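*Asks:* Following is a predicted model, sequence given first.
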Amino acid sequence: MAGSLRQIALAGAAAVVTGGVAYAVWRSYCPPKVSQGPEEQPPPLLIAEGRAGCTRPPESQDIPPGKQILVLGLDGAGKTSVLHSIATNQVKRSTAPTEGFNAVCVSTEKTKMEFLEIGGSESLRDYWKMYLPRILLLIYVVDSADHGRFPVAKKLLHQLVQSNSTLPVMILANKQDLEGAYCITDIHDALALSEIGDERKMFLIGTHVAEDGLEISSSLKDAQELIAQLVSETL
């Protein structure tokens, strides 16, 4: 844990430890700030396989137990665009919500990771808990500008983590570039993150997806690097 926090501090984050829970409050506040100077590039992440928009969940044998990274959040939060940016280092904005499952296999120099994104519509939320026993990390994406649905996002997040007090959770406060987006501290309060146990590693990162054709945002690079680090520490 100490090593993780040192990495966060070097990346320019303000890390606060409260009751044993680590909250990484990133530099993407409102408005987003421009990074100072050149940044060290994280190891490249390459897609080995992808099944975007599957109507049914991948077969259980496709995903080794304990090696899956689950990407969840309400419909329209930007899960598909965030996952594509993290996995490929390329920007591809998605306009239509995922109507099913999006499975992506990502390889690095050190490990191979299986990401599974499940759509956030009401009809698909029943699948969310089915995959929790298999995962090593939960990535929960919220739309920072969608104020009206924060109570729903909060309720679902708390339901997901209540059965596992040690599951690492990375919350991506997405769409920080939109007018009216909640600041990181407001999102922390809106999701009542201080109530989610004190034994788990928890990270709250402000993100946004750049325009198509541009390099991915520095905040997503930070998330990308942190995911790789958490996976290497867990496996």
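*Replies:* That came through fine.

*Asks:* C-alpha from now on. contacts and neighbour counts both.
*Replies:* Noted.

*Asks:* Next, count neighbours for S232.
*Replies:* S232 has 12 neighbouring residues, counting by other CA atoms under 10 Å.

*Asks:* sorry, that was for Y131
*Replies:* When neighbours are counted by other CA under 10 Å, Y131 comes out with 16.

*Asks:* Grab the nearest non-local neighbour of it.
*Replies:* L70 (7.7 Å; CA to CA, 6 or more residues apart in numbering).

*Asks:* ok, now I135?
*Replies:* Leaving aside its sequence neighbours, I135 sits nearest to Q68 (CA to CA, 6+ apart; 4.5 Å).

*Asks:* What residues are bridge-paired with the one you found?
*Replies:* In this entry, Q68 is beta-bridged to E114, I135, by DSSP bridges.

*Asks:* Q159 versus that one, what's the distance?
*Replies:* 19 Å (CA to CA, to the nearest Å).

*Asks:* With neighbour numbers in mind, choose between these two.
*Replies:* Q68 (23 against 11).

*Asks:* so the more buried one sits right up against P133, yeah?
*Replies:* No: shown here, Q68 and P133 do not form a contact pair, counting by CA atoms under 8 Å, at 9.7 Å.

*Asks:* T98 reaches L124, doesn't it?
*Replies:* No: counting by CA under 8 Å, T98 stays clear of L124, with 9.9 Å between them.

*Asks:* For the helix or strand hosting L156, which helices and strands make contact with it?
*Replies:* L156 is part of helix 150-161, with elements assigned from DSSP states H and E. Of the remaining helices and strands, those touching helix 150-161 by 3 or more CA pairs under 8 Å, 6 or more residues apart in numbering; DSSP states H and E are helix 184-190.
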